[in-house]
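# Fold the following.
(2 chains)
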Amino acid sequence: MKETVIKVENLTKKFGDFIATNQVSFEVEKGEIFGFLGANGAGKTTAMRMLCGLSIPSSGSATVAGFDVYRQTEHIKQNIGYMSQKFSLYEDLTVKENIRFYAGIYGLSKQVIKDKMTSLLEQLQMTAEENSLVKSLPLGWKQKLAFSVAILHEPKIVFLDEPTGGVDPVTRREFWNLIYEAAEKGITVFVTTHYMDEAEYCNRVSIMVDGKIEALDTPRNLKTTFNAGSMDEVFLQLARGAKRTAD
Amino acid sequence: MKRLLVILEKEFRQVFRNPAILRMVLVMPVVQLLVFPFAANYEVKNVLLSVVDHDHSSYSQKFISKITGSGYFKLTDFSPSYNKAMEAVESDKADLIIEIPAGFEKDLVKENKGAMLIAVNAVNGTKANLGGAYAANIIRDFNSEIQMQWIRFPKFNAQPTIEVTSSNWYNPTMNYKFFMVPGILVTLLTMIGSFMAALNIVHEKEVGTIEQINVSPITKVQFILGKLIPFWIMGLVTLTLGLLVSWLFYNIIPVGSIALIYVFGMVFLFTLLGVGLLVSTYAETQTQATFVSFFVMMLFMLLGGLYTPIESMPEWAKWITKINPVAYFIEVMRMVVLKGSGFADVKVQFFSVLGLGIFFNTWAVINYRKRS
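Predicted coordinates:
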């Protein structure tokens, strides 16, 4: 029984004459890990911001968790988690205070927050650091914590915008373990990345070039279609045709 | 409501963890109130005087000792010629030249009139104006003294004079500090209101955490209240500190109601925070926010009547002061602290500031967008 949680049809965003996202259409199933790939400036972040209700589309339609991106953004916000490219925790608050704040604004009760905090800190092996300021933590830890905080309120979908940028391979591996665990719990993961090894971990991958989706399939099928040995080759074949340079 | 409390808890934690903010709220007002009132003084003393005496008579000596004895002038230079005296002015050794011509005494005795020249360095306008006026006053005084001496046996008083005596109400000793301290208190609140909240919000834009807030169910009103309330409370702390300092160090006890000062202060802070908020919705970086806030603040202060009286501003500038909350609060502060005015007396100012506050805050809330 498949359930569609993100449905996008001909979604377009223009900034003046520039078409950042050009008539993009796709669907994402519940519990799927959906990789959203593309070179810098291909329009990934713009598309993701529209789905999160941060940016108003110029045309086309989209629903996220069953809610319309034009009219029901506040409902969408209650049902999604988001972790941006920029660091999204408060550096001058402690680990505990960050958790309490983000859980609190989604309306979780004190008792629920307390239970979740304990299990989360154990899972991340950060119990000893619970009273440290976030700025004192290594980047990899911050990113793992930010992800855990983004799914604390058990959203239907979590959007991750280049979550592993600048993180070492071991931590990236651990980060992806967290993603798998979230997906097993039924949270749909929508992730953008520049690492092609990470693309292999996704259930399905879309590749954007110049604002359009040029390919969308499982990593295995993509490699067969493009007669490539790895996702890296697939990406290079598509991205070479790009007219736009990085922004 | 519960969400607002969560936001407020976070904001207060961040404030108390930031030593710069605490210093600004607690230390800066005390230091400013202790230093400014002594420096910002309208009285002109120590006008540097250069005398060119071509006469060297007993009258010219008498005049010189009279002018140096007045306490406003400091005789720094005795020049043999006007040109030499100008050199002293050019090298900033003198502000004012008095030239007594040769034959001053002779003319005075024989022809019953004397002439002298006052030349003022007007680079510093206030000093020049007041110095010139003082000097003219002393000369007039000197003049009447001589007349008194000469008219030994007056048959009748040839020149009836009207003597003006004035009494200074509300500040009987004309103490400048009484005038300045309440005004300086207002400028302190202005800084906290227009600067700090603006910088705080723009900081969230810069580090990117505002994105995280914008994808959350926090409404914009909740976000804004969460930002404004802590700074509003800190502004009131500063006001309290300021009133304490003026009581302890200057012995200034408001003649009017302290409650009225607080009520007005609350509304004033609401307005100024609205201005800061407005700046933050337009600025993308803290640098931008600082420059814009600074510009607005300077405008508010210079057209606020703290340093120069609004009454003597040109008509167009007076209109600007009508939309300047700082001008209203300085006026009210002085009225309540020195004169003991009640709410009925400051009603117009109160509703003007409240109206401005509603205007700026509404504009800011409309302009703050969770989505683009």
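# In contact with the residue in chain B that chain A sits nearest to, which residues?
Among all residues of chain B, B:G208 sits closest to chain A, at 2.8 Å; criterion: Cβ to the nearest Cβ. For the C-beta atoms, the positions are set from N, CA and C on the backbone; glycine is no exception. Contacts for B:G208 (Cβ atoms under 8 Å, 6 or more residues apart in numbering or on different chains) come out as A:S84, A:Q85, A:K86, A:F87, A:S88.
# Could you verify my assumption that the second one touches A:G165?
So that's A:Q85. Yes. The criterion here is Cβ atoms under 8 Å, and A:Q85 meets it with A:G165 at 6.8 Å.
# The nearest residue to B:I252 once chain neighbours are set aside: how many residues sit nearby?
Leaving aside its sequence neighbours, B:I252 sits nearest to B:S246 (Cβ to Cβ, 6 or more residues apart in numbering or on different chains; 4.2 Å). Neighbour count of B:S246, defined by other Cβ atoms under 10 Å in any protein chain shown: 22.
# now swap in the one 10 residues further on and tell me
The local packing count at B:G256 equals 20, with neighbours defined by other Cβ under 10 Å.
# again with A:S88
The burial count for A:S88: 27, using other Cβ under 10 Å.
# ok, so what distance separates it from A:G81?
10 Å (Cβ to Cβ, to the nearest Å).
# any common contacting residues for those two?
Shared contacts of A:S88 and A:G81, defined by Cβ under 8 Å, 6+ apart, comprise A:A150.
# tell me which element residue 143 falls in.
I'll assume chain A. Following DSSP states H and E, one finds A:Q143 within helix A:139-150.
# oops, chain B please
Assigned by DSSP H and E, B:N143 belongs to helix B:125-150.
# Tell me who's in contact with the closest residue to chain B within chain A.
Here chain A gets closest to chain B at one residue, A:K86, 2.8 Å apart by Cβ to the nearest Cβ. By Cβ under 8 Å, 6+ apart, A:K86 lies in contact with B:V207, B:G208, B:E211.
# Kindly reformat those residues as TSV containing pLDDT.
What follows is the contacts of A:K86, written out as TSV (pLDDT from 0 to 100):
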residue	pLDDT
B:V207	87
B:G208	84
B:E211	86
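# B:Y170 is in contact with B:V337, isn't it?
No. Between B:Y170 and B:V337 there is no contact under Cβ under 8 Å: 9.5 Å.
# returning to that earlier point: check the offset of the helix holding B:N143 from the chain's centre.
With Cα atoms, centre = their mean, to the nearest Å as the basis, helix B:125-150 stands 29 Å off its chain's centre.
# do the same with stretch B:225-237
A distance of 25 Å separates the centroid of the chain from that of stretch B:225-237, by Cα atoms, centre = their mean.
# mean confidence for it?
Averaged across stretch B:225-237, pLDDT comes to 91.
# and that stretch, which residues are buried?
Residues B:L225, B:G226, B:K227, B:L228, B:I229, B:P230, B:F231, B:W232, B:M234, B:G235, B:L236 are the ones in stretch B:225-237 that count as buried (16 or more other Cβ atoms under 10 Å in any protein chain shown).
# what residues are up against A:I151?
Counting by Cβ under 8 Å, 6+ apart, A:I151 has contacts A:G81, A:V158, A:A182, A:I187.
# pLDDT value on the second one, please?
When you say that, I think you mean A:V158. pLDDT, A:V158: 94.
# interface residues of the stretch 1-150 of chain B facing chain A?
Residues of the stretch 1-150 of chain B lying near chain A by Cβ under 8 Å from any Cβ of the partner chain: B:K2, B:R3, B:V6, B:I7, B:E9, B:K10, B:R13, B:Q14, B:R17, B:N18.
# Does the third one lie in a helix or a strand, and which?
Assigned by DSSP H and E, B:V6 falls within helix B:2-16.
# That helix: how far from the chain's middle?
Relative to its chain's centre, helix B:2-16 lies at 36 Å (Cα atoms, centre = their mean).
# Show residues contacting that helix.
A:90, A:92-93, A:97, A:100-101, A:104-105, A:107, B:21-22, B:217-218, B:222-223, B:225-227, B:229-230, B:234.
# what do you get if the cut-off is 6 Å, keeping everything else the same?
Helix B:2-16 is contacted by residues A:D92, A:F101, A:G104, A:I105, B:I21, B:Q222, B:G226, B:P230 when judged by Cβ atoms under 6 Å, 6 or more residues apart in numbering or on different chains.
# Can you report how many residues lie near the fifth one?
It refers to B:I21. Here the number of neighbours of B:I21 (other Cβ under 10 Å) works out to 19.
# same question, the second one
Each residue near A:F101 was counted by other Cβ under 10 Å, and the total is 20.
# With adjacent residues omitted, what lies nearest to it?
Closest residue to A:F101 apart from its sequence neighbours, by Cβ to Cβ, 6+ apart: B:K10 at 4.7 Å.
# Tell me the pLDDT of the one you found.
Note for B:K10: predicted pLDDT of 93.
# Nearest residue to the middle of chain A?
A:L160 (1.9 Å; Cα atoms, centre = their mean).
# Residues of chain A that sit close to chain B?
A:52, A:54-56, A:77-78, A:82, A:84, A:86, A:88, A:92, A:101, A:104-105 (Cβ under 6 Å from any Cβ of the partner chain).
# May I see the ChimeraX selection of the buried members of those?
Those of the residues of chain A next to chain B that count as buried under 16+ other Cβ under 10 Å are selected in ChimeraX with:
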select /A:52,54,55,77,78,82,84,88,92,101,104,105
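# Just give me the closest of the residues of chain A next to chain B to B:E90.
When the residues of chain A next to chain B are ranked by distance to B:E90 (Cβ to Cβ), A:D92 comes first, at 55.5 Å.
# The closest one against B:N18, yeah?
No. When contacts are counted by Cβ atoms under 6 Å, A:D92 is not listed as touching B:N18 (7.0 Å).
# For residue 143, the count of nearby residues, please.
No chain was given, so I picked chain A. So A:Q143, with other Cβ under 10 Å, has 26 neighbours.
# The chain in question should be chain B.
Number of residues near B:N143 (other Cβ under 10 Å) recorded here: 14.
# Over to B:M148?
10.
# check contacts around it.
Per Cβ under 6 Å, 6+ apart, neighbours of B:M148: none.
# Need the per-residue pLDDT for it.
Value for B:M148, per-residue pLDDT: 73.
# How about the one 4 residues further on?
The predicted structure scores B:R152 at 57 on the pLDDT scale.
# ranges for the helices of the stretch 151-300 of chain B?
Counting by DSSP state H, counting those that start in this stretch, one finds helices in the stretch 151-300 of chain B at the ranges B:176-191, B:197-207, B:209-214, B:220-250, B:258-282, B:286-302.
# Distance to B:T362 added to those helices, as a markdown table?
Shown next, in a markdown table, are these (distance: least, Cβ to Cβ, whole Å):
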| stretch | distance to B:T362 |
| --- | --- |
| helix B:176-191 | 20 |
| helix B:197-207 | 16 |
| helix B:209-214 | 20 |
| helix B:220-250 | 11 |
| helix B:258-282 | 8 |
| helix B:286-302 | 17 |
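# least reliable of these going by mean pLDDT?
Among the helices of the stretch 151-300 of chain B, helix B:176-191 scores lowest, at a mean of 82.
# That one vs helix B:258-282, what angle?
If you take axes from the mean of the first three to the mean of the last three Cα atoms, to 10 degrees, helix B:176-191 sits at 40 degrees to helix B:258-282.
# Show me how far stretch A:212-222 is from its chain's centre.
18 Å.
# buried sites along it?
A:I213, A:E214, A:A215, A:L216, A:D217, A:P219, A:L222.
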